[in-house]
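Colleague: this one's sequence-less:
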């Protein structure tokens, strides 16, 4: 039986595993969380009794992304920790897993949090949720593979608008544009995601996995290439005044005053 840890819980019902992020209320992600998620999903790949996965979260939001304000403060104080791995190295492990995933997006999925939701095959959300690729609005470059996964779902032109503006998309609009697949009452988002996963789990598991691999053809390779470029561009922009201003303005809930420096 696959077990979780403090940050990632795992439970089984029939052939469906529910994997829960446990960093409420915002469920900020970092390398450790994504590595833990990847390890759990990889272990479930080898669990014969698991045929589909629900990715859910405790707390108010599905995932509010990375805590960029905390990172800037640590760097300013000389407390930034040099990690032996990059966040996106761990994210690539998520894309390479073999079981179908349904994300239960019961609250906001922002920045890298949306990137995490887009790793799933399907998304259930609600009208209260807000989904946003808000990197450029912070003076940053999109990440977590969204330069590939976002246009795959909503089309290139719409993806450009969402990535350029960083606008927050309500759940109903997210379903209408293909960013999410089903709309449910907020208190039933996880339940509906589990129902979808249970339906997938009725399919012959070997044919389901092989079909998924065919339909996701080249995604692992494209995701790797995308995250390599994203990481490079983010490293450049992280040193700019606009990035610091964008994060500060966001935390202070005011319009940013960008200078192009």
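Modeller: On my side now, so go ahead. Since the model is a prediction, treat every value here as computed from it, not as a measurement.
Colleague: what's the helix or strand for residue 35?
Modeller: helix 31-45 (DSSP states H and E).
Colleague: following that helix, which helix or strand shows up next?
Modeller: Following helix 31-45 in sequence, per DSSP H and E, is strand 52-57.
Colleague: Name the SS class of residue 103, please.
Modeller: When classified by DSSP: H, G, I helix; E, B strand; the rest coil, residue 103 comes out as strand.
Colleague: What's the separation between it and residue 37?
Modeller: From residue 103 across to residue 37, the span is 12 Å (CB to CB, to the nearest Å). C-beta coordinates here come from the backbone N, C-alpha and C atoms, glycine included.
Colleague: These two - which one has more neighbours?
Modeller: residue 103 (28 against 24; other CB atoms under 10 Å).
Colleague: who touches the particular helix or strand that has residue 211 in it?
Modeller: Of the helices and strands defined by DSSP H and E, residue 211 is found in helix 205-215. If you take CB atoms under 8 Å, 6 or more residues apart in numbering as the criterion, helix 205-215 is touched by 51, 98, 99, 100, 121, 200.
Colleague: Nearest to residue 249, out of those residues: which one, please.
Modeller: Nearest to residue 249 among those is residue 121, at 35.1 Å by CB to CB.
Colleague: residues near the closest one, how many?
Modeller: 19.
Colleague: show me the contacts for the closest residue to residue 85 other than its chain neighbours.
Modeller: In space, and not counting its chain neighbours, residue 85 is closest to residue 31: 6.1 Å by CB to CB, 6 or more residues apart in numbering. The contact partners of residue 31, by CB under 8 Å, 6+ apart, come to 83, 85, 86, 87, 90.
Colleague: What subset of these is buried?
Modeller: By neighbour count, with 16 or more other CB atoms under 10 Å, those hold 87, 90 as buried.
Colleague: So what sits opposite the closest residue to residue 36 other than its chain neighbours in the bridge?
Modeller: Leaving out its chain neighbours, the residue that sits closest to residue 36 by CB to CB, 6+ apart is residue 8, at 4.7 Å. For residue 8, the beta-bridge partners are residue 21 (DSSP bridges).
Colleague: Quick check: residue 8 touching residue 23?
Modeller: No: under the criterion of CB atoms under 8 Å, residue 8 makes no contact with residue 23, lying 9.3 Å away.
Colleague: what residues are shared contacts of those two?
Modeller: Joint contacts of residue 8 and residue 23 (CB under 8 Å, 6+ apart) are residue 33.
Colleague: So these two - more neighbours on which side?
Modeller: residue 8 (22 against 19).
Colleague: Pull the contacting residues for the residue sitting furthest away from the middle of the chain.
Modeller: Ranking residues of the chain by C-alpha distance from their mean position (CA atoms, centre = their mean) puts residue 259 at the top, at 29.9 Å. With contacts defined as CB under 8 Å, 6+ apart, residue 259 is in contact with 241, 242, 245.
Colleague: measure the second one to residue 143 for me?
Modeller: To tie it back to what came earlier, the one meant is residue 242. Taking CB to CB, one finds residue 242 at 16 Å from residue 143.
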